[in-house]
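A.B. asks: Turn this into a model:
(2 chains)
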Amino acid sequence: MTTEAISSGFSTGPTATTGPRGPKPKTVTIGRIGVYAFLILSAVFFLLPLWVMIVTSLKTMPEIREGHLFNWPALLTFDPWLKAWDTACTGRDCNGLKPGFWNSVKITALSVPVSIVIAMINGYALSFWKYKGSELLFGILIFGAFVPFQVVIYPLIIGLSKIGLFATLPGIVVVHTIFGMPILTLLYRNFFASLPIELFKAGRVDGAGFWGIFFRIMLPMSVPITIVAIILQVTGIWNDFLFGTVFAGRENMPMTVQLNNIVTTTTGIREYNVNMAATILTAAVPLVVYFISGKWFVRGIAAGAVKG
Amino acid sequence: MTQIAEPGERAATGFAGTAAERKPRTRKKFNIQSVLGTTPMIATAIGVFVICIIFSIIWSFTNSKLFPNFNFIGLAQYERLWANDRWNISVRNLAVFGVLSIGISMVFGYLLAVFMDQRIKQEDLFRSIFLYPFAMSLVVTGLVWQWMFDPNLGIQSAVRQLGWANFEFAPLVKQETALYGLVLGGLWNGVGVTMAILLAGLRGVDSEIWKAAKVDGIPTWKTYLFIVLPMMKGAVATAFILQMTGIVRVFDIVIAMTQGGPGVSTQMPAVYVIQHITDRVNVGQGMAAATMMLLPVIILIGLQYLLQWNAQRKARKAA
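C.D. replies: Now for the predicted structure:
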């Protein structure tokens, strides 16, 4: 599945080059050629690292040492992939990336729903049930979106260890929930604020309260924005490195941290093919999310910044 | 300054106590469920973004080593910080990295957006190609570019084999150039986002402007540069703020790509903080550095507040 997504992203490359020579010969001017030349050159720049990653991961080490970075492997091998997944070493452990993968799955599967549900309630309350100080809290939260993580990390370590959550799975879930909250709350608040107030009033007339309106009216309406939120969170949490290093502990080390450990392990010969296979494996989940979600992904980025 | 700024403005006016202006919408009836439902938000806002920051600042005035303590030593940590070459170089590196990254990303991103705006075929395909690196983590980005920059087996050797025997392109091995390697990796990851935001901004500009420019015989490139660009300040500001926040906290890509080296040539403030609270077990020093990292954010927010205040004053004058 993963290779399919990657190669499909790739195989479409050549079709781009045939673009300008397509059906409308009238519009082929020097300017048009320039436009396409620029876009295609840029596309090459963006695709090159992916290409290098893939071909390196399929080569044998002797072939890599010949130094033809961009060439398709003369001798195709899938061993690096197996090794990266199953037996690559980080320090003394030689279990490959798979423990990291499953840790990341656990962390993501728990953090995404928790953070989204909380943010959804926040956005709903901030739009329809303001209370004294709620706007101030929201302001602080938005300020938090701009605060460099390093400023709060240490007190958070102390706080979490005081309540016994430091270096545990619930601990890292709490951390992801905290740092995802500003942007997600903003996302939901903007969404709920854009809904007609009549919806809310109708619910009130029917006698529904805070939770009644939330579950019966607002929750069903927020499916599209929730898809955006899920994309944002899955890729964000999967790609996290800093919080994983600091808060997850050895037992729950996410895939990105393990990948970095595998690649930067200095003992023995560096196996570039295994390293690149491991890199692709780590990038695979967000890439699949990206290629499946397509325009939703763009909307996710835009939604965090600009109103969607 | 578009939506990202808007809530900040609300918060700011909230601080200023202009609650009277914004009463009309719904009556603020105290609802216990609403408070209960937002308990996690209250805990996060107060507990993390207020109390944790206060503790960081307090500990920056102490001589905490492995564990935090409250032996206050005044500004000694800050004096030590600014006397430390490692820190000064980090700050300088961040400045160079930030200016280059944002500058190039804006120019390249806008160029891509403009070219994408030429009714090209396969727009979606190009967009996916420009944007996909952003879906990957900065660790992945760092590791891939580290491999491509490998002096013996990377781009350098591949090009040399094509015939250019003196071709040199291995920025990460030299102190003078390592930072530029980092910039290139970061750009590869993030330019697509700048492009996407600016393209959305371009498309949001009134099409009448284009007709008017055409009637007046203004060349296309001039229209893009001098007429359209100033009209999409919101998108530019959004792209700028997004990059700015990312750059101040830059960490992952440094660890994956260079680990701060060679020497201290790619050392960054965020790395400095983490090193001091982990390997170097000097919490006080780390917290002083962390507090300094808060400064640009506060300046940015202050600046924005000032701009808004100015705009409001102007609007009031006009009214």
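
A.B. asks: Pull the number of nearby residues for residue A:84.
C.D. replies: By the criterion of other C-beta atoms under 10 Å in any protein chain shown, residue A:84 has 26 neighbours. Glycine gets a C-beta too; all of them are placed from N, C-alpha and C.

A.B. asks: contacting residues for it?
C.D. replies: Residues near residue A:84 by C-beta atoms under 8 Å, 6 or more residues apart in numbering or on different chains: A:57, A:96-97, A:262, A:274-275, A:277-278, A:281.

A.B. asks: What strand or helix carries residue 112?
C.D. replies: All of this is about chain A. Under the criterion of DSSP states H and E, residue A:112 resides in helix A:98-128.

A.B. asks: wrong one, I was asking about chain B
C.D. replies: Secondary structure assignment for residue B:112, by DSSP H and E: helix B:85-116.

A.B. asks: okay, residue 225: pLDDT?
C.D. replies: Defaulting to chain A. At residue A:225, the pLDDT value in this model is 89.

A.B. asks: oops, chain B please
C.D. replies: pLDDT, residue B:225: 89.

A.B. asks: One more: residue A:259?
C.D. replies: So residue A:259 comes in at 93 (pLDDT).

A.B. asks: what do you get for residue B:25?
C.D. replies: 50.

A.B. asks: quick one, phi/psi of the residue nearest to residue B:263 when sequence neighbours are not counted?
C.D. replies: Excluding the flanking residues, the one nearest residue B:263 by C-beta to C-beta, 6 or more residues apart in numbering or on different chains is residue B:175, at 5.3 Å. Per-residue torsions, residue B:175: phi -60, psi -40 (degrees, to the nearest 10).

A.B. asks: and residue B:175, how far is that from residue B:271?
C.D. replies: According to C-beta to C-beta, to the nearest Å, residue B:175 and residue B:271 sit 16 Å apart.

A.B. asks: Of the two, which one has the most company?
C.D. replies: Comparing residue B:175 with residue B:271 by other C-beta under 10 Å, the one with more neighbours is residue B:271, at 24 against 12.

A.B. asks: mind listing what that one touches?
C.D. replies: Taking C-beta under 8 Å, 6+ apart, we find residue B:271 in contact with B:90, B:251, B:254-255, B:260.

A.B. asks: Which of those residues fall in helices?
C.D. replies: Counting by DSSP state H, the members of the contacts of residue B:271 that fall within helices are B:90, B:254-255.

A.B. asks: Point out where the stretch 151-300 of chain A drops to low pLDDT.
C.D. replies: By pLDDT under 70, the weakly predicted segments of the stretch 151-300 of chain A are A:266-267.

A.B. asks: Not counting sequence-adjacent ones, nearest residue to whichever residue of the stretch 101-250 of chain B sits closest to chain A?
C.D. replies: Distances between the stretch 101-250 of chain B and chain A by C-beta to the nearest C-beta are smallest at residue B:137, namely 3.3 Å. Nearest residue to residue B:137, sequence neighbours excluded (C-beta to C-beta, 6+ apart): residue A:239, at 3.3 Å.

A.B. asks: wait, what's in contact with the residue positioned nearest the centre of chain B?
C.D. replies: Nearest to the geometric centre of chain B sits residue B:244, at 2.4 Å (C-alpha atoms, centre = their mean). Taking C-beta under 8 Å, 6+ apart, we find residue B:244 in contact with B:98, B:102, B:296, B:300.

A.B. asks: can you list the residues you listed in JSON lines and add neighbour count?
C.D. replies: JSON lines is the format used below for these (neighbours: other C-beta atoms under 10 Å in any protein chain shown):
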{"residue": "B:98", "neighbour count": "18"}
{"residue": "B:102", "neighbour count": "19"}
{"residue": "B:296", "neighbour count": "18"}
{"residue": "B:300", "neighbour count": "16"}
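
A.B. asks: Do I have it right that residue A:293 meets residue A:232?
C.D. replies: No. If you go by C-beta atoms under 8 Å, residue A:293 and residue A:232 don't touch, sitting 10.1 Å apart.

A.B. asks: Who has more neighbours out of these two?
C.D. replies: residue A:232 (24 against 19).

A.B. asks: downstream neighbour of the strand or helix carrying that one in the secondary structure list?
C.D. replies: Element membership for residue A:232 (DSSP H and E) is helix A:223-239. For helix A:223-239, the following helix or strand on the C-terminal side (DSSP H and E) is helix A:242-247.

A.B. asks: Just give the number of residues close to whatever residue of the stretch 51-200 of chain A ends up closest to chain B.
C.D. replies: Using C-beta to the nearest C-beta, the closest approach of the stretch 51-200 of chain A to chain B is made by residue A:139 at 2.2 Å. Each residue near residue A:139 was counted by other C-beta under 10 Å, and the total is 20.
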